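Visitor: sequence first, then the predicted structure:
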Amino acid sequence: TCALPIWRAILDAVISRPAWAHVLLDRAEKDADVLAGIDSGRREALTQHSSVTLAKRAAAVFRSAVNQDRQAVIDRYLATMPSGSGSAVRGNKVFADTCAACHRFGDASGGAIGPDIASVKDRSADYLVTHILDPNRAVEERYKLYTATLQDGREVAGMLVNEAGHSITIRTLDGVEHPLLRSDLVLLFCTGRSLMPEGLEGAITPEQMRDLVTFLSGGQ
């Protein structure tokens, strides 16, 4: 089995080429281990691909089990989360396992693709659960998912971090910044959706959500 950073680099290379991405989806449909190895952020990049055919196919593979009624999911979690305070220690682990690839939390290490979550310490549990489970409810412009299609057929997806006269820079899900010449662009498209994927209820149980909320709120 590949180490996680190597596997993610392989995924990024495969996803950058539509023909290769279709082969990846072929494998994912037949091999549960391959399907499980494609993290939620890269699933989002595929389901928001500029190729309509590829995006629809990825949606069928990845999102068939994701309830598109996000309010129903939120209501269920708020109703079924155990009462009382959770464990910040356990919540820290949930954050490390599920969130830290894209987010920092104050001085704690984490990714640079999403905002520093320390800014939500004063938010209510309802607010936190709502925005964790429905990341597209309110999206800051700078955290929207962009896709850039290049002359050589590659596609680069991530956060648009810089625009200059002759170039743009996209920060991909691994936090790497890619300067791209405008002359190499075929299409630059903003999906209007958050870089943060839907469907985290598949990775976080109601009990773990309580612990995560306790951790994010600065509890013990």
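Guide: Structure's in. What do you need? Numbering: from 1, shown residues only.
Visitor: tell me the phi and psi of Gln151?
Guide: phi -60, psi -30 (degrees, to the nearest 10).
Visitor: residue contacts, it?
Guide: 184-186 (Cβ atoms under 8 Å, 6 or more residues apart in numbering). C-beta coordinates here come from the backbone N, C-alpha and C atoms, glycine included.
Visitor: rerun that using 10 Å as the cut-off
Guide: 181, 183-186 (Cβ atoms under 10 Å, 6 or more residues apart in numbering).
Visitor: what of Leu35?
Guide: Applying Cβ under 10 Å, 6+ apart, we find Leu35 in contact with 24-25, 27-29, 43, 61-62.
Visitor: what subset of these is buried?
Guide: Neighbour counting by 16 or more other Cβ atoms under 10 Å classes 24-25, 28, 43, 61-62 among these as buried.
Visitor: where's the most centrally placed residue in the chain, which helix or strand?
Guide: For the chain, the residue sitting closest to the mean C-alpha position, by Cα atoms, centre = their mean, is Gly41 at 3.1 Å. In the assignment (DSSP states H and E), Gly41 maps to helix 40-47.
Visitor: tell me where the chain has strands.
Guide: Remark: strands assigned in the chain by DSSP state E are 144-150, 155-163, 167-171, 177-181, 185-194.
Visitor: want to throw the ones you listed into a markdown table with distance to Tyr127?
Guide: Supplementary listing: the strands of the chain in a markdown table, determined by distance: least, Cβ to Cβ, whole Å:
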| stretch | distance to Tyr127 |
| --- | --- |
| strand 144-150 | 20 |
| strand 155-163 | 23 |
| strand 167-171 | 26 |
| strand 177-181 | 31 |
| strand 185-194 | 16 |
